[in-house]
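Chemist: kindly return the folded structure for what I paste below:
(2 chains)
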Amino acid sequence: MGFRHSADEQLIERARDGDRVALQELWRAHRRWVAAIVLAHRPHFVEVEDLLQDVAVKFIDKLHTLRDVEAFRPWLRQIALNVCRGSARSSRSMLHLGRPQWENADGRETGIVSEPAGVTGEVQRRAEQRDAANRIMEQALSLPMAYREPLLLRCLRSLTYQQISEVLELPITTIETRLARGRRMLREELGDLDVPDRPKPAQHRARQH
Amino acid sequence: MPSEESETLIGRIMDHEATAQEFDRFERLAGLAAPLWRTLALRQLDMGLLGDRVRQETDAAARVEVAPVAPRRKLAVTLSGWAAVLLLASWWAIVAGTGDGAAERRPPRIDPVAGSVTQQPLDPDEHLRQYLAADFVTGEYDPVILETERLENGRYRVHFMRRIEVYTDIEAPPDAVMNAPARLRIEPSDQRR
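Modeler: Next comes the predicted model:
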């Protein structure tokens, strides 16, 4: 992911001059962290991808209004915030974009050959890991925004403290403090949640056709 | 409860921002308060799980591209996704023969054998291709999946929404023909006549 100041500035200038390749490259360099901002601010009933589509449209439409290229990241963040707020205020009926339900009644994923009886412990462990991850995510999204945003941005490993401070327009020391407090608050909310071991990638076998 | 300094050091260690001196400082503090090691371990576990979920949620970013656009248009109005779908459905209904003058709107087809023009209805996909080739169509975004369902024959039905960007030039300022939240109050095709 690119926080390459001089490279970004060149891309911005080229994009504003109508260079479509530069426009696409600029968007691709920043869309992941913009998605994290959207994730932090979106209404629950709206998918990240939908809002990100709207951000992409406004990004194209308003790039010519960017006065200071060094303020590109906070400018782009503000677009994301405005899209999220507009979505929350919107009076039109929101379509809930569900994901395909691939799970059977017992929670197992379809498309996977049934596990032999002897490894049901592994299946249960993965289910517990999934539940723990979902609960942590839920708690993170309920943190105050001052802590939620830097926490989600930091989850994108490619973002340094310096880069997060540029996006949020806050001093690095403030970022450090908010990360530390956010993580502590998260653990306090989780309480005695028994966090299972770090999950390992699942080994799926294709259904036999 | 760990001190503010300890929490900050733990964060910097987890985030690979800590200097050698900060590592040493943390080790000294943990030597005085052994639970700090457990705190570090718990923070790493929490962030490991949260990080996986956040990256999973933001994987959607890889599917969102910026649509190629022409240079900035003046007095152009961009339709919302729903309005574009309704417009396409209305146009299809008209061209399919449900409105007056529909026959005249059907593109003629040349019969290479008979050497005459025949009026044959186009299938919906052909209509869409012709619509997308129109001057007022900027482009189409990636379709958005709405839902999926499993069919009795073992296949899957995918419901998805097309999002087509079009533009129209209007006389009045955009505010006069839009209402909140950014819905058009005019029929764009009327403006093109």
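
Chemist: burial of B:Ala172, as a residue count?
Modeler: 11 (other Cβ atoms under 10 Å in any protein chain shown). All C-beta spots, glycine's among them, are computed from the backbone N, C-alpha and C.

Chemist: quick one, what contacts it?
Modeler: Contact partners of B:Ala172, counting by Cβ atoms under 8 Å, 6 or more residues apart in numbering or on different chains, are absent.

Chemist: assumed it was part of a strand.
Modeler: No: counting by DSSP: H, G, I helix; E, B strand; the rest coil, one finds B:Ala172 to be coil, located in no strand.

Chemist: any idea of the mean pLDDT for stretch B:64-77?
Modeler: For stretch B:64-77, the mean pLDDT works out to 57.

Chemist: an error on my part: the question was meant for stretch A:154-169.
Modeler: pLDDT averaged over stretch A:154-169 gives 92.

Chemist: tell me how far the ends of that stretch are from each other?
Modeler: 15 Å (Cα to Cα, to the nearest Å).

Chemist: buried residues, that stretch. List them.
Modeler: A:Arg154, A:Cys155, A:Leu156, A:Leu159, A:Thr160, A:Tyr161, A:Gln163, A:Ile164, A:Ser165, A:Glu166, A:Val167, A:Leu168 (16 or more other Cβ atoms under 10 Å in any protein chain shown).

Chemist: greatest separation within these: which pair is it?
Modeler: Across the buried residues of stretch A:154-169, the longest distance by Cβ to Cβ is 17.2 Å; it joins A:Cys155 and A:Glu166.

Chemist: pLDDT at the closest residue to A:Arg181 other than its chain neighbours, what is it?
Modeler: Distances taken as Cβ to Cβ, 6 or more residues apart in numbering or on different chains place A:Tyr147 nearest to A:Arg181, at 6.0 Å, with adjacent residues excluded. What the model reports for A:Tyr147 is a pLDDT of 96.

Chemist: check A:Leu76 too.
Modeler: 97.

Chemist: so which helix or strand takes in B:Gln130?
Modeler: If you go by DSSP states H and E, B:Gln130 is part of helix B:124-132.

Chemist: packing partners of the helix or strand following that helix?
Modeler: Downstream of helix B:124-132, the first helix or strand assigned by DSSP H and E is strand B:137-150. Using 3 or more Cβ pairs under 8 Å, 6 or more residues apart in numbering or on different chains; DSSP states H and E, the elements in contact with strand B:137-150 are helix A:48-62, strand B:156-166.

Chemist: which of these has the lowest mean pLDDT?
Modeler: When I compare these, strand B:156-166 is least confident, with a mean of 80.

Chemist: tell me the confidence at A:His5?
Modeler: For A:His5, the predicted pLDDT is 63.

Chemist: you'd agree B:Glu65 is in a strand?
Modeler: No: secondary structure assignment (three-state DSSP) places B:Glu65 in coil, not in a strand.

Chemist: related to what we said a few turns ago, what does the strand or helix carrying the residue nearest to A:Arg181 contact?
Modeler: Element membership for A:Tyr147 (DSSP H and E) is helix A:145-155. In this structure, residues lying in contact with helix A:145-155 by Cβ under 8 Å, 6+ apart are A:33, A:36-37, A:39-41, A:140-141, A:143, A:159, A:164, A:167-168, A:175, A:178-179, A:181-183, A:185-186, B:15, B:47, B:50-51, B:54-55.

Chemist: do the same with stretch A:10-27
Modeler: In contact with stretch A:10-27 (Cβ under 8 Å, 6+ apart) are residues A:8, A:29, A:56, A:59-60, A:63-64, A:66, A:69, A:72, B:65-66, B:68-69, B:71.

Chemist: what's the PyMOL line that selects buried ones from the residues you listed?
Modeler: The PyMOL command for the buried members of the contacts of stretch A:10-27 (criterion: 16+ other Cβ under 10 Å) is given here:
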select buried, (chain A and resi 8+29+56+59+60+63+72) or (chain B and resi 66+69)
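
Chemist: of the contacts of stretch A:10-27, which is the nearest to B:Phe160?
Modeler: Distances from B:Phe160 to the contacts of stretch A:10-27, taken by Cβ to Cβ, are shortest for B:Glu65, at 16.5 Å.

Chemist: hmm, the helix or strand bottoming out on mean pLDDT in chain A touching chain B?
Modeler: Least confident helix or strand of chain A, by mean pLDDT, DSSP states H and E, is helix A:120-140 with a mean of 84. Yes: looking at helix A:120-140 against chain B by Cβ under 8 Å from any Cβ of the partner chain, the contacts come from A:Gln129, A:Ala132, A:Ala133, A:Asn134, A:Ile136, A:Met137, A:Ala140.

Chemist: for burial, what's the neighbour tally of the nearest residue to the third one once chain neighbours are set aside?
Modeler: By the measure of Cβ to Cβ, 6+ apart, the closest residue to A:Ala133 outside its immediate chain neighbours is B:Leu49, 4.4 Å from it. Burial of B:Leu49, expressed as a neighbour count using other Cβ under 10 Å, amounts to 23.
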